[in-house]
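Participant: Predicted model and sequence below, questions to follow.
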Amino acid sequence: MKNYILPALGLLALAPTAALAKDEAVKRFEHEGSTYSYTVTKVGDTRVISGIEERTGKPFTLRVGDRRVRGTVGSQQVSFALRDVEPLETETTTLASR
């Protein structure tokens with residue numbers, strides 16, 4: 001399970017905290033043939049990442065603290081050190097141009 005969530009979480013761990021101060025729109029990414037939709041909210045000092053794997057509908061909720069990530073993927077509980085997270089390599093996307 002970590003193979004799918006860890007890379008995604010890495011991308012989010014690098015996002016600026018100021019950008020996460022408000023609820024954000026639904027985001028999507030692909031990893032190893034699966035597409036994930038998620039939102040990020042800030043609750044106190046914790047970022048909460050909630051989403052689903054689109055093909056199977058399996059939900060996930062991850063609470064990102066200063067040093068650990070805890071949550072559920074489907075019905076499975078997960079917990080791992082934030083230092084174990086690897087960032088995703090993403091391509092630059094142009095949303096609109098004139």
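Facilitator: Arrived safely, thanks for sending.
Participant: And the residue lying closest to Arg67 once chain neighbours are set aside, its phi and psi?
Facilitator: Excluding the flanking residues, the one nearest Arg67 by CB to CB, 6 or more residues apart in numbering is Leu82, at 5.5 Å. Quick note: C-beta positions are derived from backbone N, CA and C, even for glycine. With angles defined as degrees, to the nearest 10, Leu82 sits at phi -60, psi -30.
Participant: check contacts around Leu82.
Facilitator: Ala13, Val64, Gly65, Asp66, Arg67, Arg68, Val69 (CB atoms under 8 Å, 6 or more residues apart in numbering).
Participant: for this protein, what spans make up the helices?
Facilitator: Applying DSSP state H to the chain gives helices spanning 2-13.
Participant: in this structure, which spans are strands?
Facilitator: Assigned by DSSP state E, the strands in the chain fall at 27-31, 34-43, 46-53, 58-64, 68-73, 76-81.
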